[in-house]
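>>> sequence first, predicted model second:
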Amino acid sequence: GAGVSQSPRYKVAKRGQDVALRCDPISGHVSLFWYQQALGQGPEFLTYFQNEAQLDKSGLPSDRFFAERPEGSVSTLKIQRTQQEDSAVYLCASSPEQRGYIQYFGAGTRLSVL
Amino acid sequence: DAKTTQPPSMDCAEGRAANLPCNHSTISGNEYVYWYRQIHSQGPQYIIHGLKNNETNEMASLIITEDRKSSTLILPHATLRDTAVYYCIVRVDYGGSQGNLIFGKGTKLSVKP
């Protein structure tokens, strides 16, 4: 079946621009996670949704980062007034309700802020 | 969640077993050991997990020491496609859909022909 889909795969933004990154989780998966991965590092947690509820946003680095999942399916990560330090790969993962210990990841969106 | 320590890199010959070690000396009794891997330009992929017994699936085997302070992921017959960064993660299994993963830097495994 279809896996987690993220779009766009690559995004180049000028400093100060707003960007929106999309995640289509596996159909029926209740949980959705966003991670940020800097070059040469492991992914770092940003935020977590269970259905449409954002239960944990402790990893969001600043108030310029905002995530939503209004209907409990597709999620969007928005970054306002992008800065160079926001350049990273943004990964989305989803998890089925009964097996939350296995997360299925998308290929990520590589954001480059110039 | 307990901290893990992994070697930064390892090499393995194609067709041989790859044994990837992980130290987690501060692991608690209710924490599981998970392994994920990340192939270049892809997202991480779940491999296997365990609590205290050894585990095996179609991808790999997981050997956990009796004191649970370390573990080894075994890829029995490594192929070039197994070249990836392998992450050892320790976390409590809540049994439901919650719980972010805490990744370290992992071990970069290079399988050579």
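Nice, I can see it. Residues are numbered from 1 along each chain as shown, chains lettered A, B, ... in the order given.
>>> give the contact list for the residue nearest to residue B:76 when sequence neighbours are not counted.
What sits nearest to residue B:76 in space, not counting adjacent residues and going by C-beta to C-beta, 6 or more residues apart in numbering or on different chains, is residue B:17, at 5.3 Å. Bear in mind the C-beta positions are built from the backbone N, C-alpha and C, glycine included. When contacts are counted by C-beta atoms under 8 Å, 6 or more residues apart in numbering or on different chains, residue B:17 touches B:74-78.
>>> one more: residue A:47?
Applying C-beta under 8 Å, 6+ apart to residue A:47 gives the contacts A:33-34, A:54, A:56-60, A:67, A:77.
>>> could you do residue B:78 as well?
Applying C-beta under 8 Å, 6+ apart, the residues contacting residue B:78 are B:12-18, B:109, B:111.
>>> need the nearest residue in space to the residue nearest to the spatial centre of chain B, chain neighbours excluded.
By C-alpha atoms, centre = their mean, chain B has its centre lying nearest to residue B:35, at 3.1 Å. Distances taken as C-beta to C-beta, 6+ apart place residue B:47 nearest to residue B:35, at 4.3 Å, with adjacent residues excluded.
>>> so what's the one you found up against?
So residue B:47 contacts B:35-37, B:57, B:59-60, B:73, B:86 (C-beta under 8 Å, 6+ apart).
>>> may I have the helix or strand hosting it as PDB, with CA atoms only?
Using DSSP states H and E, residue B:47 sits in strand B:45-50. The C-alpha trace of strand B:45-50 is given here as PDB (Å, rounded to 0.1, in the frame of the first residue of the first chain):
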ATOM      1  CA  GLN B  45      12.800   2.600   8.600                       C
ATOM      2  CA  TYR B  46      11.800   0.400  11.600                       C
ATOM      3  CA  ILE B  47      13.900  -2.800  11.800                       C
ATOM      4  CA  ILE B  48      13.200  -4.600  15.100                       C
ATOM      5  CA  HIS B  49      12.700  -4.000  18.800                       C
ATOM      6  CA  GLY B  50      12.900  -6.000  22.100                       C
END
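>>> quick check: buried residues in the helix or strand bottoming out on mean pLDDT in chain A?
Across the helices and strands of chain A, mean confidence by mean pLDDT, DSSP states H and E is lowest for strand A:53-56: a mean of 90. Applying a neighbour-count criterion of 16 or more other C-beta atoms under 10 Å in any protein chain shown, the buried positions in strand A:53-56 are A:54, A:56.
>>> next secondary structure after it?
By DSSP H and E, the next helix or strand past strand A:53-56 is strand A:65-68.
>>> ok, which pair from the contacts of residue B:47 is furthest apart?
Distance extremes for these: the farthest pair is B:57 and B:86 at 15.1 Å, using C-beta to C-beta.
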